[in-house]
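Visitor: any chance you can model this:
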Amino acid sequence: MRAILCILFVLAALVYTHIQSAANGIQRSKQAYPLAGAGDYGIEMLRIPAGKFTMGSPNTEKDRGGDEVEHEVVLSEYYISKYEVTVGQFKMFIEDAGYNTDAEQKNDKQNWRHGSGGNLRDSTEFNHPVIN
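Guide: Numbering: from 1, shown residues only. Next up is the predicted model:
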């Protein structure tokens with residue numbers, strides 16, 4: 001659940017940053033950036049320019065929580081994959097880097113390697129988006 005909330009927050013921040021950038025006359029780069037190593041996995045990266053946005057809810061919003069106070073968030077320039085990372089791309093990264101995800105460290109068979117039934121994914125799922 002926490003991962004889903006994090007993903008939703010990042011997506012909301014990206015959308016808001018894009019809207020603010022357009023409003024401020026900042027253009028998003030349309031060309032892919034060859035981030036070191038990303039091309040080895042077939043990942044096309046896009047540059048997202050630095051920007052800022054107001055996060056939180058106005059104090060006039062009904063039922064606003066105490067932790068939702070409006071505040072300015074400043075983001076540095078960053079790069080993001082143009083498309084979702086696939087199971088196959090993530091598998092190549094894991095194998096090359098020797099990386100072990102938190103879910104794998106828990107060894108609960110609820111991770112990118114295993115489907116919802118706990119069985120190892122096969123190559124027919126390598127083009128699916130990676131989830132954890």
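Visitor: contacts, neighbours, all on C-alpha from now
Guide: Will do.
Visitor: ranking helices and strands of this structure by mean pLDDT, which lands last?
Guide: strand 32-33 (a mean of 44; mean pLDDT, DSSP states H and E).
Visitor: Glu95 belongs to a helix?
Guide: Yes - Glu95: assigned to a helix according to DSSP: H, G, I helix; E, B strand; the rest coil.
Visitor: could you check how far it is from Lys62?
Guide: 49 Å (CA to CA, to the nearest Å).
Visitor: also Asn111?
Guide: 38 Å.
Visitor: now Asp122
Guide: 48 Å.
Visitor: please verify my assumption that Val85 contacts Ile131.
Guide: No - taking contacts as CA atoms under 8 Å, Val85 lies outside contact range of Ile131: 9.0 Å.
Visitor: helices of the protein, start to end?
Guide: 2-23, 87-97, 102-106 (DSSP state H).
Visitor: give the contact list for Gly65.
Guide: Going by CA atoms under 8 Å, 6 or more residues apart in numbering, Gly65 touches no other residue.
Visitor: that one and Asn59, how far apart?
Guide: Gly65 is 9 Å from Asn59, by CA to CA.
Visitor: what's near enough to touch the nearest residue to Glu84 once chain neighbours are set aside?
Guide: Spatial nearest neighbour of Glu84, excluding adjacent residues (CA to CA, 6 or more residues apart in numbering): Pro129 at 5.7 Å. Pro129 makes contacts with Glu84, Val85, Thr86, Val87, as judged by CA under 8 Å, 6+ apart.
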